[in-house]
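**Q** no FASTA, just this:
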């Protein structure tokens, strides 16, 4: 997958100085490196590819090679200030399990994903009648890692069933490769990406 | 184990000299894990590279079962074979001798210059043989600690090794948390599997069953070469993967003209194993083989901490690079993942990767770009962090 800095600016804005952060599906470690440099976080990454881990080691980011669907149960409750699922949840085999574990091990979690409810994606399916292939979803159905696509509304509905509360929503579209424009009006239709900060800790 | 030819783009650490450090002279013997005492102790060690002014660039290399202090370089101009980790230690290599001060010592219980069962027992004036006390991985580390003190190094940038060397590296971070900045554990484990113990035991039995072994008392007569070489042959089978062995030898005959006519080696794999066995007895002591395999078998970080591996790593302060190989069945991936898990649960800094290779356990000694790159980058960033 090409390394796009999708939503990095929003994640960096959200995370306070000195937090303990776990980035699930951290890729080449760029986001964690930026968080270390700009927010002085203690960062840890999980990445499925040998190459990704190697790139993290090169950057001085601690990362271990694993499938995110495995191994989260090892962490103690609330071990992290933030768990990041940036463009990752739709790639997991068991998003339900991952979300539950993430809520348990992180005080807060950032979940960001391509919004399948985005109007152009809807239109693509409606008019072409095939699975949407676009800049947002750059794969054919048969080679796509996106095995659990969802919409912003799906995530909101999940809050009830999985007993978490949504602390903030900053759904966005990209301008350029790494600038996020937050979409406040009708985000499920107009935002390319969903962005949630969630918690299971009752306030 | 196979050694790589020198590559033209890499240079070697050059001529290295074995040095000796003797300590724990009477009346101050080293107290071993089992309560017995050992002294005086000599450690054979070699160094390459230069210790910097802050003494912050020292890396301790720990060797595996059959290794020694001679990790890199050559002993003389005429020396044909370099040290056992020449592939990874030298100028510009993973353990870059232009940047780091590399130290490697022979373990206690060994037979390559350090005190072991073949050394003279000061009480009797004869070789210790089986009077040599049982030593553990932890004892090996405690002896190394004295050497590091002797060299005036307060904190090691890294402790690194594969297989039993990795066990020592892990033990270092637990025994002396304040003395190690980082740890590189390759193809290693917090304890050897039952299968591994079983294979070590078959190796030991082959030595015990050699009449020349004579309950360990063979130093003034002929050596139990048959037993030791058989043990080594068994060992070699465990270091290779099925696939690697198939690719390396297949069913090829050594001498097809003579195939099936007598009991001489027919298949290439047979002749390879016999060659490894014969070569080994020239340089290794059978009693050392017994003591060191026992130390490996008994190593168990979980048992040391009341059955919890998590507890074992609770107070470590090193940062870790753990690496396993997909086809290693002697120290399988799962063993490394257990270590990584225990470190993670404790919130420790750990890098882990499972490198895809056909080379089995032996992979840590063979050229591998990813292994080289990961070690190099890890050390680079650990040095940088240690200087902040």
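**A** Yes, it's here. Model, not experiment: these values are computed from the prediction.
**Q** can we go C-alpha only for contacts and neighbour counts from here?
**A** Noted.
**Q** does residue A:172 have beta-bridge partners, and which?
**A** residue A:182, residue A:193 (DSSP bridges).
**Q** was I right about it contacting residue A:195?
**A** Yes. Using C-alpha atoms under 8 Å, residue A:172 is in contact with residue A:195, at 7.2 Å.
**Q** nearest residue to the residue in the stretch 1-150 of chain B that chain A sits nearest to in space, please, no chain neighbours.
**A** The minimum distance from the stretch 1-150 of chain B to chain A, using C-alpha to the nearest C-alpha, falls at residue B:94 (12.8 Å). The shortest distance from residue B:94 to any non-neighbouring residue, by C-alpha to C-alpha, 6 or more residues apart in numbering or on different chains, is to residue B:376 (4.5 Å).
**Q** am I right that that neighbour sits in a helix?
**A** Yes. Residue B:376: assigned to a helix according to DSSP: H, G, I helix; E, B strand; the rest coil.
**Q** report the contact partners of the most centrally placed residue in chain B.
**A** Taking C-alpha atoms, centre = their mean, the centroid of chain B lies closest to residue B:64, which sits 1.4 Å from it. Residue B:64 sits next to B:161-166 when contact means C-alpha atoms under 8 Å, 6 or more residues apart in numbering or on different chains.
**Q** which of those fall in helices?
**A** B:164-166 (DSSP state H).
**Q** so which of those residues comes closest to chain A?
**A** In terms of C-alpha to the nearest C-alpha, no member of the ones in helices among the contacts of residue B:64 lies closer to chain A than residue B:166, at 17.8 Å.
**Q** count of residues packed around the closest one?
**A** Other residues near residue B:166 come to 27 when the count uses other C-alpha atoms under 10 Å in any protein chain shown.
**Q** excluding chain neighbours, give the residue nearest to it in space.
**A** Nearest non-adjacent residue to residue B:166 (C-alpha to C-alpha, 6+ apart): residue B:185, at 4.4 Å.
**Q** who's that neighbour bridged to?
**A** With DSSP bridges as the rule, residue B:185 is bridged to residue B:161, residue B:322.
**Q** separation between it and residue B:41?
**A** Note on residue B:185: its distance to residue B:41, by C-alpha to C-alpha, to the nearest Å, is 26 Å.
**Q** more neighbours: which of those two?
**A** Between residue B:185 and residue B:41, residue B:185 has the larger neighbour count (other C-alpha under 10 Å), namely 28 against 19.
**Q** give me the residue from chain A nearest chain B.
**A** For chain A, C-alpha to the nearest C-alpha, closest residue to chain B: residue A:64, 4.3 Å.
**Q** can you tell me the helix or strand for that residue?
**A** Using DSSP states H and E, residue A:64 sits in strand A:62-65.
**Q** other SSEs contacting that strand?
**A** If contacts are counted by 3 or more C-alpha pairs under 8 Å, 6 or more residues apart in numbering or on different chains; DSSP states H and E, strand A:62-65 sits against strand A:42-47, helix A:50-59, strand B:350-355.
**Q** all strands for the chain, in order.
**A** In the absence of a named chain, this looks at chain A. Using DSSP state E, the strands of chain A run over residues A:20-24, A:42-47, A:62-65, A:80-86, A:106-114, A:165-169, A:172-175, A:179-182, A:193-199.
**Q** I was after chain B.
**A** B:19-23, B:30-31, B:37-38, B:41-48, B:58-62, B:89-90, B:95-96, B:101-105, B:158-162, B:182-186, B:319-325, B:350-355.
**Q** in the last one, which residues are buried?
**A** Yep, that's strand B:350-355 we're talking about. B:350-355 (16 or more other C-alpha atoms under 10 Å in any protein chain shown).
**Q** what do you get for the longest one?
**A** Along strand B:41-48, the positions that meet the burial threshold by neighbour count (16+ other C-alpha under 10 Å) are B:41-48.
**Q** the first one too?
**A** Within strand B:19-23, the residues that qualify as buried are residue B:23, counting by 16+ other C-alpha under 10 Å.
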